[in-house]
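Trainee: give me the fold of what follows.
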Amino acid sequence: MDGEKKRGRVDLALVHHPVVNKNGEVIGSAVTNLDLHDIARAARTFGAGRFYVVSPYEDQRQLTREILDHWLQGHGSVYNAKRGEALSVVSVCDDLAGLYEQITARHGERPLVIATSARAKDSEWPFSRLRRHIGAGGSVLILLGTAWGLAPEVMDTVDGVLPPIMGDGEYNHLSVRSAASIILDRLLGRREES
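Mentor: Alright, predicted model coming up:
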């Protein structure tokens, strides 16, 4: 519509390094087929821009490319075109510095970088605030951590952190793909008018 402001851009990055293990040690984690498929499908469903898979390990980046090739050009593209449509939003990147450069070059500015965590942080951005930022045309890159979450060195450099997604009890260990879907719904999903 004329005069209607365009919604901002939301990109996702699934970070495989640097992340921490259950002991808090900085590690690199493995790419999983389920994460690629499910987060790509959620990103496509909610209209996110790109879904970046960040890993410094060539074997993990190659595995990701092979999965993508199967669904985008191989037998999978004929067998299930919808899967290829979802996976078409996936890009592979070596590290966060390269990702930030790539996004800045593509869009002409660095997006607001927001991390996710299952633990409460001081620099929380309420979902409503980030939703308003996006609605006003702001660009956002949401960092999703694998393993036991993003390493402190990543958390120290972001512009903010979303609040943890909490259930009704004390157990709080969602898969990253489940958390991504909930986050995208809260930020980009349709809301009923009261």
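
Trainee: pretty sure residue 161 contacts residue 115?
Mentor: Yes. Using Cβ atoms under 8 Å, residue 161 is in contact with residue 115, at 4.8 Å. Using the backbone N, CA and C atoms, a C-beta is placed for each residue, glycine as well.

Trainee: okay, and the common contacts of the two?
Mentor: Residues touching both residue 161 and residue 115 (Cβ atoms under 8 Å, 6 or more residues apart in numbering): residue 155.

Trainee: and these two? Which one has more around it.
Mentor: When residue 161 and residue 115 are compared for neighbours, residue 115 comes out ahead with 25 against 20, by other Cβ atoms under 10 Å.

Trainee: contacting residues for the more buried one?
Mentor: Contacts of residue 115 were listed using Cβ under 8 Å, 6+ apart, and they are 142, 143, 145, 150, 154, 155, 158, 160, 161, 162.

Trainee: residue 129 versus the last one, what's the distance?
Mentor: Think residue 162. For residue 162, the distance to residue 129 (Cβ to Cβ, to the nearest Å) stands at 10 Å.

Trainee: ok, the first one next?
Mentor: Between residue 142 and residue 129 the computed distance is 14 Å (Cβ to Cβ).

Trainee: hmm, who's touching the host helix or strand of residue 62?
Mentor: Per DSSP states H and E, residue 62 falls inside helix 58-72. For helix 58-72, contacts defined as Cβ under 8 Å, 6+ apart pick out 16, 30-31, 33, 36, 53, 55, 76-77, 80, 83-84, 87-88, 90, 92, 94.

Trainee: please repeat the previous calculation with a cut-off of 6 Å.
Mentor: With contact meaning Cβ atoms under 6 Å, 6 or more residues apart in numbering, helix 58-72 is reached by 31, 36, 53, 55, 76, 83, 84, 87, 90, 92.

Trainee: from the residues you listed, which ones fall inside strands?
Mentor: Judged by DSSP state E, the subset of these located in strands is 53, 90, 92.

Trainee: top of the residues you listed by neighbour count?
Mentor: Most neighbours among the ones in strands among the contacts of helix 58-72, by other Cβ under 10 Å: residue 53, with 27 neighbours.

Trainee: end to end, how far does stretch 84-92 reach?
Mentor: Chord length of stretch 84-92, first to last residue, is 16 Å (Cα to Cα, to the nearest Å).

Trainee: and residue 134, what element?
Mentor: helix 127-135.

Trainee: quick revisit: name the residues of the helix holding residue 62 that are buried.
Mentor: Within helix 58-72, the residues scored as buried using 16 or more other Cβ atoms under 10 Å are 60, 61, 63, 64, 67, 68, 70, 71, 72.

Trainee: closest one of these to residue 24?
Mentor: Distance to residue 24 across those (Cβ to Cβ) is lowest for residue 60, with 22.2 Å.

Trainee: flag the shaky bits of this protein, pLDDT-wise.
Mentor: Low-confidence segments of the chain (pLDDT under 70): 1-5, 193-194.
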